[in-house]
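Trainee: Got a predicted model here, sequence first, then my questions.
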Amino acid sequence: MKTVWKVLEPETCVVRQLEKSLGCSPVTATVLANRNIVSADSAEQFLNTDLSGFRAPFSIKDMDRAVERVTAAILRKEHILVFGDYDVDGVSSTALLLEFFRHTGTRASFYIPHRIQEGYGLQPYHITDLALSRDIDLIITVDCGSSNHEAVRAATKHGVDVVITDHHQIPDPPPPACAVVNPKRVDCRAGFEHLAGAGVAFCLLICLRKQLRKINFWKNRPEPNLKHFTDLAALGTVADVVPLVDENRILTRTGLEVINSGMRNGILALIESSGIKNRTADSEDIGYKLAPRLNAAGRLEHASIAVDLLTTQEMSTARKISRRLKDLNEKRQTTEKDTYQQIMDHFDSNPHLLQRQSVVLSDDRWHEGILGIVASRIAGKFLRPTILISTRNGIGKGSGRSIPGLDLHGALSACAGRLEQFGGHPMAAGLQIKRENIGPFSRDFENNVQKRCRPENFKRELAIDFILNFEDITERLLNELESLKPFGEGNPEPLFLAENIGVISSRIVGGRHLKLRLKQSCSWKTVNAIYFNPDADLPLPEHLEKLVFKIRRNRYNGRKNIQLIIEDVITKECVRQVCFQSPFEFS
């Protein structure tokens with residue numbers, strides 16, 4: 001499999017104008033232009049993001065109906081059930097609403113289905129066995145509900161109202177709920193399609209708080225500051241890998257400020273147990289340290305543990321729960337590693353499977369809770385849309401991950417006749433399938449992928465922002481690059497290319513990582529670098545033809561220094577396809 005190195009080349013006049021208007025380096029101006037930020041105004045807005053830039057969400061379809069119904073429930077002191085999903089987005093959305101209702105004095109409880117025993121979404125038995133027994137008047141779904149028509153009809157039959165808030169792909173017509181607040185509705189033109197479930201829930205709170213203000217509800221009680229809720233919104237937004245643009249960028253950036261202020265005991269305890277010390281947490285910490293621990297609850301036990309962590313006001317309780325999540329996450333890592341190795345051994349014994357353009361595998365040993373993570377690793381390694389199905393409980397339960405350019409939800413829709421149910425996003429989905437249908441589904445899915453994909457979809461691409469010499473790597477440049485945070489989907493961390501690099505020294509650390517001291521032939525400057533899990537044989541040769549890297553600060557023993565994070569290398573012994581204006585072979 002070839003890796004395509006594509007050096008981005010924005011218009012020179014745009015870069016010069018940004019450099020002049022912002023007073024920044026040409027490197028930073030180029031990075032901004034590469035992200036389609038091409039004017040001084042848009043750059044200023046991007047760099048100085050805060051809650052004041054959050055667009056009014058009142059135009060989201062059914063928002064007015066949702067606010068009206070929830071306001072009535074608050075005023076009538078009805079019992080509200082917040083029904084969430086079992087991932088971080090659903091858990092944080094659930095905590096968002098519960099905290100707001102605590103400020104209003106409303107009687108509110110929550111329920112999250114068990115991932116293995118119940119599966120995804122609101123089901124009819126949740127109405128008859130749960131809502132009726134608890135005397136629930138109103139159910140508000142978060143991060144789910146868009147496809148649960150039968151459950152909504154059952155609720156209506158039994159006199160229980162439902163308000164849906166969600167961001168998943170939604171059928172037309174939507175369920176017959178009191179309100180269906182989902183920016184992906186075909187009849188919604190509000191422009192909030194990028195939001196995660198937590199973002200949609202946050203929008204509901206904006207509108208709900210304003211309505212309560214309008215009727216003078218806050219006269220005798222303190223009005224909640226919604227900025228203090230953005231830490232929860234940031235967790236869901238980053239964890240769900242939605243584009244960190246527009247409102248998502250605002251929620252994440254503001255939410256990280258709140259997270260680092262230590263206001264919420266649950267998140268503070270989670271940070272402590274995650275080993276984030278003496279520095280501020282960033283979006284990468286959410287994605288790789290905090291979110292996996294929160295997700296481990298729903299994957300291996302029950303997501304209510306994570307909700308309890310995010311809503312507790314007692315630090316001792318928060319630390320106790322965070323330790324439990326740490327243990328669950330370690331168990332998850334072991335289970336994931338074993339499953340991944342089983343699949344790699346299967347490929348070694350059946351190499352013909354990788355001649356296909358998709359991966360569909362099933363096994364009765366696999367734990368359903370970790371299949372999404374393993375599918376993501378397989379899809380990333382082989383650049384194949386991947387669906388892994390556990391059949392250990394009779395019915396096949398699977399998770400899928402896609403590759404850039406393939407709408408996984410659309411591909412599954414074309415195979416819907418083979419499935420019992422499915423749902424999700426263009427890049428991730430879940431499904432249920434009868435065991436006997438797995439073979440026919442695998443063939444249908446492969447045919448569908450072949451029709452939808454082009455050859456370039458199966459090439460790994462590194463989009464390089466700038467060809468950078470070591471002597472231009474300065475504290476000032478790093479400060480400018482850090483102002484572009486938070487990095488993530490839609491705003492990737494900048495990548496740079498340097499040429500003719502000498503390896504002064506190298507040593508293996510952590511068993512598989514390579515720590516290096518590098519010097520460029522055209523520069524006097526030496527820099528530290530680390531190469532995590534390199535595919536190349538260790539150690540690297542004394543000379544690197546080309547090097548792709550990120551620039552970060554390394555903090556160790558109270559000291560800070562610049563360190564390169566190596567993404568890929570070219571030596572005389574290896575070949576890469578490098579694209580500038582037009583592709584050509586480099587060797």
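Mentor: Nice, I can see it. Just so we're clear, the structure is a prediction, and the values are computed from it rather than from any experiment.

Trainee: Please name the nearest non-neighbouring residue to the residue nearest the centre of the chain.
Mentor: Among the residues of the chain, the one closest to the centroid is residue 241, at 2.1 Å (C-alpha atoms, centre = their mean). Of all residues not flanking residue 241 in the chain, residue 489 sits nearest, at 5.0 Å (C-beta to C-beta, 6 or more residues apart in numbering). Backbone N, C-alpha and C define where each C-beta goes, glycine included.

Trainee: wait, what's in contact with residue 127?
Mentor: Neighbour list for residue 127: 151, 154, 155, 158, 160 [criterion: C-beta atoms under 8 Å, 6 or more residues apart in numbering].

Trainee: Of all pairs in the residues you listed, which one is the farthest apart?
Mentor: Distance extremes for those: the farthest pair is 151 and 158 at 10.9 Å, using C-beta to C-beta.

Trainee: Which helix in the chain has the most residues?
Mentor: Ranked by number of residues, the top helix in the chain under DSSP state H is helix 315-349.

Trainee: Buried residues in that one, which are they?
Mentor: 318-319, 321-322, 324-326, 328-329, 331-332, 335-336, 339-340, 343, 347 (16 or more other C-beta atoms under 10 Å).

Trainee: Neighbour count: residue 151 and residue 158, which is higher?
Mentor: residue 151 (25 against 13; other C-beta atoms under 10 Å).

Trainee: which helices and strands sit right next to whatever helix or strand that one lives in?
Mentor: Assigned by DSSP states H and E, residue 151 belongs to helix 149-157. With contacts defined as 3 or more C-beta pairs under 8 Å, 6 or more residues apart in numbering; DSSP states H and E, the packing partners of helix 149-157 are helix 124-125, strand 161-165.

Trainee: Any chance of TSV for these, columns distance to residue 15?
Mentor: Output for those, formatted as TSV (distance: least, C-beta to C-beta, whole Å):
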stretch	distance to residue 15
helix 124-125	58
strand 161-165	41
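
Trainee: So what's the residue count around the closest residue to residue 249 other than its chain neighbours?
Mentor: Of all residues not flanking residue 249 in the chain, residue 49 sits nearest, at 5.5 Å (C-beta to C-beta, 6+ apart). Residues within reach of residue 49, counting by other C-beta under 10 Å, total 19.

Trainee: Now do the contacts for residue 49.
Mentor: 249, 250, 253, 254 are the contacts of residue 49 under C-beta under 8 Å, 6+ apart.

Trainee: name the element the closest residue in space to the last one that isn't next to it in sequence belongs to?
Mentor: Right, residue 254. Nearest residue to residue 254 in three dimensions, chain neighbours excluded: residue 230, at 4.5 Å (C-beta to C-beta, 6+ apart). Secondary structure assignment for residue 230, by DSSP H and E: helix 230-239.

Trainee: quick one: secondary structure of residue 564?
Mentor: With DSSP: H, G, I helix; E, B strand; the rest coil as the basis, residue 564 sits in strand.

Trainee: Surely it is in contact with residue 527?
Mentor: Yes: using C-beta atoms under 8 Å, residue 564 makes contact with residue 527 at a distance of 5.7 Å.

Trainee: Which strand or helix spans residue 139?
Mentor: Here residue 139, judged by DSSP H and E, is contained in strand 138-142.

Trainee: Now do stretch 72-86: distance from first to last residue.
Mentor: The first residue of stretch 72-86 is 28 Å away from its last residue (C-alpha to C-alpha, to the nearest Å).

Trainee: Next: stretch 46-60.
Mentor: Start-to-end, stretch 46-60 (C-alpha to C-alpha) is 23 Å.

Trainee: Off-centre distance for that stretch?
Mentor: Computed by C-alpha atoms, centre = their mean, to the nearest Å, the separation of stretch 46-60 from the middle of its chain amounts to 20 Å.

Trainee: Tell me which residues of that stretch come out buried.
Mentor: For stretch 46-60, the neighbour count (16+ other C-beta under 10 Å) marks 46, 49, 54, 57, 60 as buried.

Trainee: Excluding sequence neighbours, find me the nearest residue to the third one.
Mentor: Using C-beta to C-beta, 6+ apart and skipping the chain neighbours, the partner closest in space to residue 54 is residue 250 (5.2 Å).

Trainee: Helix, strand, or coil at that neighbour?
Mentor: Under three-state DSSP, residue 250 falls in the helix class.

Trainee: Identify the residues contacting it.
Mentor: Residue 250 sits next to 49, 50, 51, 53, 54 when contact means C-beta under 8 Å, 6+ apart.

Trainee: so of those residues, which ones are in strands?
Mentor: With DSSP state E as the criterion, strands contain none of those.

Trainee: for the residues you listed, which one is nearest residue 403?
Mentor: Among the contacts of residue 250, and counting by C-beta to C-beta, the member closest to residue 403 is residue 49, at 29.9 Å.

Trainee: any idea of the pLDDT on that closest one?
Mentor: On pLDDT, residue 49 comes in at 91.

Trainee: swap in the one 5 residues further on?
Mentor: pLDDT recorded at residue 54 is 96.
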